[in-house]
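> Build the 3D model from these lines:
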Amino acid sequence: MSLAAVLIVKNEAAHLRACLETLRWVDEIVVLDSGSDDDTCAIAREFTDKVAVNADWQGFGVQRQRAEAMVESDWILMVDADERVTPELRRSIQTAVASGEPAIHTLPRLSWCFGDFIRHSGWYPDRVARLYPRGKAGYDAALVHEKLHNTGGLPVKALEGDLLHYTYRDLRHYLEKSAHYAQAWAEQRAARGKQGSLSAGLVHGVGCFLRMYLLRAGFLDGRQGLLLALLSAHSTFAKYADLWVRTRTSPPPDETPER
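Residues are numbered from 1 along each chain as shown. The predicted model follows:
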């Protein structure tokens, strides 16, 4: 049984080489770029000739579907450029693929954030479904927070070994990604006719903080845990606020009102 590592990328020159170095053992590497203006594609071509560019961005889900369509191998391992496959995880993946048993496999993801690995706060083991047989499962078309659909009704199994995730370079990077996800979330909800409110944002934001910091023991992650809980609460409020602005406020007038 053959295995393809699949990545969708844009401007990932800082991460991509280190990621692909941990994937040299797979049978096929597929990289779909979304229109990078750095050295992302050049780096990808050092590892594979299956590099394509599609800058017609329609969301993370559609881009993953396009990348899936490029695969020729029997199995797909979906990886992001800021992730690294550890040796233990590699052995688990190889064993699962060699068994030939169709299944969706989840990987435990360990994230590095603001100077340390986060082992609490609801961030670990953060299992993500990433290993699956081609054609028997696939991603939905969501703009953001896309999910792997178990279209073939396969069993779901858990692999051992961490997928390391170097999630944010710094605070600015966190805020930029958070704003992007909030925008995509609000657009998706508004398109389905949903409306937002500031009170809902406040309730969900406070709930997010209490859940991360207290219920999920974020305090055991030290100062990083406190910072993440506060930032996550802010991000949660922001997406509801964005939805409220889109659905409950008036657009600007076409002309400047007379004084």
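
> Do a quick rundown of the strands in the stretch 51-200 of the chain.
In the stretch 51-200 of the chain, the segments counted as strands under DSSP state E, counting those that start in this stretch are 51-53, 75-78, 83-85, 104-107, 109-113, 116-118, 128-133, 138-139, 148-149, 156-158, 163-166.

> For the ones you listed, state which one has the densest average packing.
strand 75-78 (a mean of 24; mean count of other C-beta atoms under 10 Å). The way it works is simple: take the backbone N, C-alpha and C, and place the C-beta from them, glycine included.

> Report the strands that pair with that one, each with its relative direction.
strand 3-9 (parallel), strand 128-133 (antiparallel) (DSSP bridges).

> looking at those strands, which is closest to Leu148?
Taking C-beta to C-beta, strand 128-133 is the member of the strands paired with strand 75-78 nearest to Leu148, at 4.6 Å.

> ok, and what's touching that closest one?
For strand 128-133, contacts defined as C-beta atoms under 8 Å, 6 or more residues apart in numbering pick out 74-79, 93, 96-97, 102-107, 109, 147-148, 152, 154, 156, 159, 163.

> State the mean pLDDT of it.
For strand 128-133, the mean pLDDT works out to 98.

> same thing with stretch 81-88?
Mean predicted lDDT for stretch 81-88 stands at 98.

> Please apply the same query to stretch 149-169.
The model assigns stretch 149-169 a mean pLDDT of 95.

> which strands and helices sit next to the lengthiest helix in the chain?
Ranked by residue count under DSSP state H, the longest helix found in the chain is helix 222-248. Helices and strands touching helix 222-248, by 3 or more C-beta pairs under 8 Å, 6 or more residues apart in numbering; DSSP states H and E, are strand 116-118, helix 171-191, helix 198-210.

> cutoff 6 Å now
helix 171-191, helix 198-210 (3 or more C-beta pairs under 6 Å, 6 or more residues apart in numbering; DSSP states H and E).

> weakest of those by average pLDDT?
What stands lowest among these, in mean pLDDT terms, is helix 171-191, with a mean of 91.

> how about the CA coordinates for it, as PDB?
Extracted C-alpha coordinates of helix 171-191, given in PDB (Å, rounded to 0.1, in the frame of the first residue of the first chain):
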ATOM      1  CA  LEU A 171       1.700  37.500  19.100                       C
ATOM      2  CA  ARG A 172       1.200  39.400  15.900                       C
ATOM      3  CA  HIS A 173       1.000  36.100  14.000                       C
ATOM      4  CA  TYR A 174      -1.600  34.800  16.400                       C
ATOM      5  CA  LEU A 175      -3.800  37.900  16.000                       C
ATOM      6  CA  GLU A 176      -3.500  37.900  12.200                       C
ATOM      7  CA  LYS A 177      -4.600  34.200  12.000                       C
ATOM      8  CA  SER A 178      -7.300  34.800  14.600                       C
ATOM      9  CA  ALA A 179      -8.700  37.700  12.600                       C
ATOM     10  CA  HIS A 180      -8.700  35.600   9.400                       C
ATOM     11  CA  TYR A 181     -10.500  32.700  11.000                       C
ATOM     12  CA  ALA A 182     -13.100  35.100  12.600                       C
ATOM     13  CA  GLN A 183     -13.800  36.700   9.300                       C
ATOM     14  CA  ALA A 184     -14.200  33.300   7.500                       C
ATOM     15  CA  TRP A 185     -16.400  32.000  10.300                       C
ATOM     16  CA  ALA A 186     -18.600  35.100  10.200                       C
ATOM     17  CA  GLU A 187     -18.900  35.000   6.400                       C
ATOM     18  CA  GLN A 188     -19.900  31.300   6.600                       C
ATOM     19  CA  ARG A 189     -22.500  31.900   9.300                       C
ATOM     20  CA  ALA A 190     -24.000  35.000   7.600                       C
ATOM     21  CA  ALA A 191     -24.300  33.000   4.300                       C
END
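
> Identify the residues contacting it?
Helix 171-191 is contacted by residues Leu143, Val144, Tyr168, Ser235, Ala238, Lys239, Asp242, Leu243, Arg246, Thr247 when judged by C-beta atoms under 6 Å, 6 or more residues apart in numbering.

> Can you flag the buried ones in those residues?
Neighbour-count burial within the contacts of helix 171-191 applies to Leu143, Val144, Tyr168, Ser235, Ala238, Lys239, Asp242, Leu243, Arg246; the criterion is 16 or more other C-beta atoms under 10 Å.

> Fine, thanks again, bye for now.
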